[in-house]
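Okay, sequence plus prediction incoming.
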Amino acid sequence: MAGWTGSIYNSIIRRNAVFVGVIFGAAFGFEIAFDVYSQRFWDWKNQGRQWKDIRHKYVTDEE
């Protein structure tokens, strides 16, 4: 193998433990990124209709 494919093979795929670790790490990172961006999208699309946005109209803080 030559070029960048050979370097990827030699650094990541050649050893099974490293390959599995990279897969799990990538999946974990993707899950966190997906959760963060889907929550932001949900908040953006439902702005003004969620409890955190209208709570001040219905709850009074008594101290």
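Yes, it's here. Since we're looking at a predicted model, the values are computed, not measured.

Only C-alpha atoms from now on, for both contacts and neighbour counts.
Will do.

what's around the closest residue to residue 18 other than its chain neighbours, how many residues?
Excluding the flanking residues, the one nearest residue 18 by Cα to Cα, 6 or more residues apart in numbering is residue 12, at 6.0 Å. Other residues near residue 12 come to 16 when the count uses other Cα atoms under 10 Å.

residues in contact with residue 12?
Residues in contact with residue 12 (Cα atoms under 8 Å, 6 or more residues apart in numbering) are 18, 19, 22.

nearest to residue 30, of those residues?
Using Cα to Cα, residue 22 comes nearest to residue 30 of these, at 12.0 Å.

Which pLDDT does the model give the closest one?
At residue 22, the model reports a pLDDT of 90.

Of the contacts of residue 12, keep whichever come out buried.
The neighbour-count test (16 or more other Cα atoms under 10 Å) applied to the contacts of residue 12 identifies nothing as buried.

With secondary structure and distance to residue 59 as extra columns, can I get those in JSON lines?
Shown next, in JSON lines, are the contacts of residue 12 (DSSP: H, G, I helix; E, B strand; the rest coil; distance: Cα to Cα, whole Å):
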{"residue": "18", "secondary structure": "helix", "distance to residue 59": "53"}
{"residue": "19", "secondary structure": "helix", "distance to residue 59": "52"}
{"residue": "22", "secondary structure": "helix", "distance to residue 59": "48"}
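
now the residues you listed in CSV, with distance to residue 40?
Listed next are the contacts of residue 12 as CSV, based on distance: Cα to Cα, whole Å:
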residue, distance to residue 40
18, 33
19, 32
22, 27
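
which one of those residues is nearest residue 3?
Closest to residue 3, out of all of the contacts of residue 12 and judged by Cα to Cα, is residue 19, at 19.4 Å.
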